[in-house]
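Student: Quick check, what structure comes out for this input:
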Amino acid sequence: MRYKYILFLLLAACFSIAQAQVVKQVTIIDDLETPVPGEGVIQINSNPKITELIGLVSPGTSIDETNNTISNGFRVQVFMSNNAKTAIKEIADKGNLIKGTFPDIAVYKGYEPPNWKLLVGDFVTREEANFFRQKLQKSIPELGKEMSIVKSKINISGQKNN
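Tutor: Numbering: from 1, shown residues only. Down below sits the predicted model:
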């Protein structure tokens with residue numbers, strides 16, 4: 001009987017500790033609606049489903065092992081070739097040329113059998129990618145007009161696009 005009593009007390013203590021650790025997640029809406037002395041009052045009226053979505057990662061988005069946010073987006077494909085002997089050198093040369101002109105833009109070398117590719121940038125929208133493609137064509141005309149916009153998984157953590 002004594003063991004049952006001790007077991008009951010242990011379970012009750014564990015349950016009360018677990019309940020105490022439940023903390024309400026504060027969203028931006030909660031923060032904005034919190035009254036601050038000497039300031040105005042903000043009241044946000046929205047569908048509760050919208051409030052539930054705040055702070056959630058959108059579909060197609062993930063976080064990699066280095067805490068970078070990976071999402072669906074677009075890149076500018078500058079070069080593609082299936083000739084491995086010349087493609088690797090040409091990708092390196094064109095990549096260095098782009099990095100010299102646009103040091104803040106990401107340059108990616110890729111291989112999807114049988115093609116080697118040089119991709120540039122991490123753009124959320126096709127319009128951003130197209131704007132950069134035009135800027136790239138004006139700045140480095142020797143890259144030619146074979147550039148295109150391609151769908152890609154992009155890194156959106158702190159990447160500068162302009």
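Student: okay, now the domains of this structure?
Tutor: Residue ranges for each domain of the chain read 2-56, 69-155, as given by automatic domain parsing.
Student: Please identify the most buried of the ones you listed.
Tutor: The highest average neighbour count among the domains of the chain, using mean count of other Cβ atoms under 10 Å, belongs to domain 69-155 at a mean of 16. For every residue, glycine as well, the C-beta is placed using N, CA and C.
Student: For this protein, just list every one of the helices.
Tutor: Taking DSSP state H to define them, one finds helices in the chain at 2-20, 28-33, 48-53, 84-101, 126-139.
Student: Does anything pack onto the lengthiest strand in the chain? Which helices or strands?
Tutor: In the chain, with assignment by DSSP state E, the single longest strand is strand 69-81. With contacts defined as 3 or more Cβ pairs under 8 Å, 6 or more residues apart in numbering; DSSP states H and E, the packing partners of strand 69-81 are strand 62-63, helix 84-101, strand 115-123, helix 126-139, strand 148-155.
Student: go with 7 Å
Tutor: helix 84-101, strand 115-123, helix 126-139, strand 148-155 (3 or more Cβ pairs under 7 Å, 6 or more residues apart in numbering; DSSP states H and E).
Student: for this protein, which spans come out with low pLDDT?
Tutor: 1, 3-28, 55-67, 157-162 (pLDDT under 70).
Student: can you rerun that using 90?
Tutor: In the predicted model of the chain, residues 1-71, 84-85, 142-146, 155-162 satisfy pLDDT under 90.
Student: Lovely, talk soon.
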